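Trainee: Have a look at this prediction, sequence included:
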Amino acid sequence: MLKPYHQRAENINLLYLEDNLKLEDEEDMPNLELDHDASEWSKFISDIKQNSKLSQLQRVKLEELLCKYSNTFSNNPGRTDLAEHDIELESDRPIVAKPYRMSPRQTGILKTEVKKMIELKIVEPGESDFTSPLILVEVPGKDARPCIDYRRLNKVTRAQYFPLPNIEELIEKVSAAKYISVLDLTRGYWQIPLSPRVQRYAAFVTTFGTFRPLRLPFGLKNAPYYFSRLMANL
């Protein structure tokens, strides 16, 4: 599924970091939103009309195309049938972690987020002999987000490698193009299903239960490489 596009204020459009990867086992999950309704879709179309540099005829054709495929745009992730994420461990010895202590307020936030993930079939309640703790990341000025601490699991995960795309090369390839389309997947990781054994390995624990992820969670060691390989094969 693709995100509805909304025009954003112009600012830096390229940020190059020497360290290409964020600390994988501390990535936080994206905020979950309800799927877009009719009013939001109307605003989406209106934004295109107001901000587009296309001619009137081109705008009309674009609007017709978007309306025809409106079910492709969603705030909820779809599910690909092109791949299933799998990992291998150096040892099948179970890794068991206790849930972190949380305040009642933090526990309430986590319960709400986990409930949303269950409704979207991103996770399901279930037991496992592998558990990693779910924590709440709170940064001033930003919404609190859940994060699974996969550090112990990542230490025993066999590494997979795939060359990540070079941003400068990609920019050179499209520099002469007349039109450029930018596609943004809705929570791309969560559109990739997990193999049964990864569901077992990647289970997370809270003070209110244990849950097994059904889609690729943020924080697993090989997730960036696997996602890049899938995108390269599309």
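Mentor: Looks like it arrived, so ask away. What you see is a predicted model; the values in this text were computed from it and never measured.

Trainee: for this protein, where's the lowest mean pLDDT among helices and strands?
Mentor: Lowest by mean pLDDT, DSSP states H and E among the helices and strands of the chain is helix 38-51, with a mean of 68.

Trainee: So which bits of stretch 122-139 are buried?
Mentor: 122-123, 128, 130-136 (16 or more other Cβ atoms under 10 Å). The C-beta positions use only the backbone N, C-alpha and C, and glycine is treated the same way.

Trainee: Buried residues in the top helix by length along the chain, which are they?
Mentor: Ranked by residue count, the top helix of the chain under DSSP state H comes out as helix 104-119. By neighbour count on 16+ other Cβ under 10 Å, the buried set for helix 104-119 is 106-107, 109-110, 113-114, 116-117.

Trainee: picking up where we left off before, show me which of the buried residues of stretch 122-139 is closest to Val96.
Mentor: Thr131 (5.5 Å; Cβ to Cβ).

Trainee: quick one: pLDDT of that closest one?
Mentor: Predicted confidence (pLDDT) for Thr131: 97.

Trainee: that older thread, looking at the buried residues of stretch 122-139, which are in strands?
Mentor: Residues of those located in strands (DSSP state E): 123, 132-136.

Trainee: ok, how many other residues are close to Phe162?
Mentor: Phe162 has 15 neighbours, counted by other Cβ atoms under 10 Å.

Trainee: Are we agreed that it is in a helix?
Mentor: No - using DSSP: H, G, I helix; E, B strand; the rest coil, the assignment for Phe162 is coil, not a helix.

Trainee: and it, what does it touch?
Mentor: Shown in contact with Phe162 (Cβ atoms under 8 Å, 6 or more residues apart in numbering): 225-226, 228-229, 232.

Trainee: want to throw the buried residues of helix 104-119 into JSON lines with distance to Pro163 and pLDDT?
Mentor: Listed next are the buried residues of helix 104-119 as JSON lines, based on distance: Cβ to Cβ, whole Å; pLDDT from 0 to 100:
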{"residue": "Gln106", "distance to Pro163": "39", "pLDDT": "94"}
{"residue": "Thr107", "distance to Pro163": "41", "pLDDT": "95"}
{"residue": "Ile109", "distance to Pro163": "38", "pLDDT": "95"}
{"residue": "Leu110", "distance to Pro163": "36", "pLDDT": "95"}
{"residue": "Glu113", "distance to Pro163": "34", "pLDDT": "94"}
{"residue": "Val114", "distance to Pro163": "35", "pLDDT": "96"}
{"residue": "Lys116", "distance to Pro163": "35", "pLDDT": "92"}
{"residue": "Met117", "distance to Pro163": "31", "pLDDT": "92"}
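
Trainee: picking that back up, could I get the buried residues of stretch 122-139 as a markdown table with distance to Thr186?
Mentor: A markdown table is the format used below for the buried residues of stretch 122-139 (distance: Cβ to Cβ, whole Å):
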| residue | distance to Thr186 |
| --- | --- |
| Ile122 | 12 |
| Val123 | 17 |
| Ser128 | 27 |
| Phe130 | 28 |
| Thr131 | 28 |
| Ser132 | 25 |
| Pro133 | 27 |
| Leu134 | 22 |
| Ile135 | 24 |
| Leu136 | 23 |
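
Trainee: From these, pick the one nearest Asp184.
Mentor: Nearest to Asp184, judged by Cβ to Cβ, of the buried residues of stretch 122-139 is Ile122 at 18.5 Å.
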